[in-house]
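1. Provide a 3D model corresponding to the input given below.
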Amino acid sequence: MIKTWILILILSFSISTIAVPIIIFLSKRYNLFDRTDHRKLHNEKISRLGGLGIFLGFTIPFLMVIGSVEQAPFHVPLYLVAVFVIFFTGFIDDITHLRARYKLCLQLVAGLLVACSGLMFTDIRIFNIMRIEFGIWSYPITILWILVFVNAVNLLDGLDGLASGTVFIANVFVLLLALSTENTLVVRISIIMAGTILGFYLYNFPPAKIFMGDGGAYLLGFIYATLPLMGVKKASVAILFLVPIILLLLPLLDIIQVIVKRMKLGYNIFMADKNHLHHRLLRIGLSKRGVLFVMYVYTVILGLASLLLLHIEPKYSLFLFMIIFLLVTVSLFLLHSAERIIHDKEKDET
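-> From the prediction side, this is the model:
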C-alpha cells in the first residue's frame, strides 16, 4: 500500500513539474500574462495560467486512483463534472475576464453537483446527545461550504507562494487526519494534492515564475472543501466541520473582515482591494518571505490543533475550537493595533 502511495505522489509531482514550465513557455510565446494594476504586488510579465498544471497534476492521477476503488462513497462522474466546472470557471477568467456574477453562478453549479453526487452534510451531532437533521437544507449548506473555501483560497492567492504553500501545509494535516481515521480514499487524494501542489510550488515560490490564477485557486479550494465530505462516515460530523475551518481559519476570517469593511464603506463586496491579510502584513513592514513565514507557521500551529481536536473527547472539541478562534482573533486585533500605530506615526511625520 505504501508503495502505491509513493507512486501516486511521484506521478502527480512529475505531471505538475513537467506541465508548469511548458505553460510558462507557451505563455511567453503567446503573450498570456497576468494583468497589472494598483493592487498587484508585481510589475513583471508573469503568467497566471499555472492552474492548468495543477489541474493536470490532479485529474490524471485521480482518474487512476478512483478507477481502482471498488465502490466510491459518491457518484464519481458528477464529482468530475464539478471539478471541470470549477476549474474552467477560474481558468476562463484567467484568460478573459468574467463578471463576478457569472463566476458565482458557476460556483453554485459546481457546489450543487457535489451535493447531488452524494457528498453533503446531512446532519450534525453535538456531544453525542443531540442530532440535528438538515433535510432539504443539506444542499444549501453543502454548496455554501464549498463556495466559502473556493473563495477563501482564491483571496489568499495574492502573494508568491502564499496560497500554494498554505494549502499544501493544510493538506498535509488532512492527510495525517485521514491516516488516523483509516480513510484510504482521502489518503490517496491528499497524496495527489501534495504532489501536485509541490510540483507547482517549485515555480511559485518568490520570486514566482508563474501564478496559479483563479483556475488553480478555485480547484485547490474545491478539493480541500470536498475532502472532509468524503470522510463523513469516518468521524463525527461536528468535527468534520471544525477541522477544515481551523486549518484555514486565517483566510476565512480574512474574508469576513474584508467583506465587512467593504460593506461599511459602501463598496461592492466583489471589488478587489488591498485590505487582505497579506497586504496588511506587508504594510507593517514584513517582507514577502516574512509574510510567508508568518502564514506558514500559523497554518502549522492550527494544523497541530486540528490533530488534537480529532483525538480529544467530543465534548471538549468545541471548547478547544473557541480557544483557537479567540487566539487568532486576538492576533488580528494586534495586527490592527500595529497598523494604527504605524499610520499615526506616518501622519505625525507629515
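2. how about the strands of this protein, start to end?
-> For the chain, the strands defined by DSSP state E cover 123-126, 130-133.
3. which stretch in those strands has the least confidence?
-> Ranked by mean pLDDT, the strands of the chain end with strand 123-126 at the bottom, a mean of 68.
4. Flag the shaky bits of the protein, pLDDT-wise.
-> Applying pLDDT under 70 to the chain flags residues 34-44, 68-70, 125-130, 231-240, 268-273, 314-315, 348-350.
5. I figured residue 53 hits residue 20, correct?
-> Yes - assessed by C-beta atoms under 8 Å, residue 53 is found in contact with residue 20 at 4.0 Å. No exception for glycine: its C-beta is placed from N, CA and C like everyone else's.
6. Which neighbours do those two have in common?
-> 199-200, 210 (C-beta atoms under 8 Å, 6 or more residues apart in numbering).
7. Just among those residues, which is most surrounded?
-> Comparing the shared contacts of residue 53 and residue 20 by number of neighbours (other C-beta atoms under 10 Å), residue 200 comes first, having 29 neighbours.
8. That one contacts residue 219, correct?
-> No - with contacts defined as C-beta under 8 Å, residue 200 does not count as touching residue 219, sitting 10.9 Å away.
9. got any residues that touch both of the two?
-> By C-beta under 8 Å, 6+ apart, residue 200 and residue 219 have these common neighbours: residue 54.
10. about what we covered before: now, which of the shared contacts of residue 53 and residue 20 lie within helices?
-> Taking DSSP state H, the ones among the shared contacts of residue 53 and residue 20 that sit in helices are 199-200.
11. For the shared contacts of residue 53 and residue 20, could you give me TSV that also reports distance to residue 166?
-> Shown next, in TSV, are these (distance: C-beta to C-beta, whole Å):
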residue	distance to residue 166
199	17
200	13
210	17
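12. Give me the neighbour count for the closest residue in space to residue 165 that isn't next to it in sequence.
-> Closest residue in space to residue 165, ignoring its immediate chain neighbours: residue 296 at 5.8 Å, by C-beta to C-beta, 6 or more residues apart in numbering. By other C-beta under 10 Å, 16 other residues sit near residue 296.
13. And stretch 221-230, how far out from the chain middle?
-> Relative to its parent chain, stretch 221-230 has a centroid offset of 9 Å by C-alpha atoms, centre = their mean, to the nearest Å.
14. Let me see the residues that make contact with it.
-> 58, 73-74, 79, 82-83, 86-87, 110, 114, 119-121, 142, 145-146, 148-154, 167, 170-171, 174, 178, 183, 185-186, 189-190, 193, 240, 243-244, 248.
15. Kindly recompute the last result at 7 Å.
-> Residues outside stretch 221-230 that contact it (C-beta atoms under 7 Å, 6 or more residues apart in numbering): 58, 73-74, 83, 86, 110, 114, 119-120, 145-146, 149-154, 167, 170-171, 174, 185-186, 189-190, 193, 240, 243-244.
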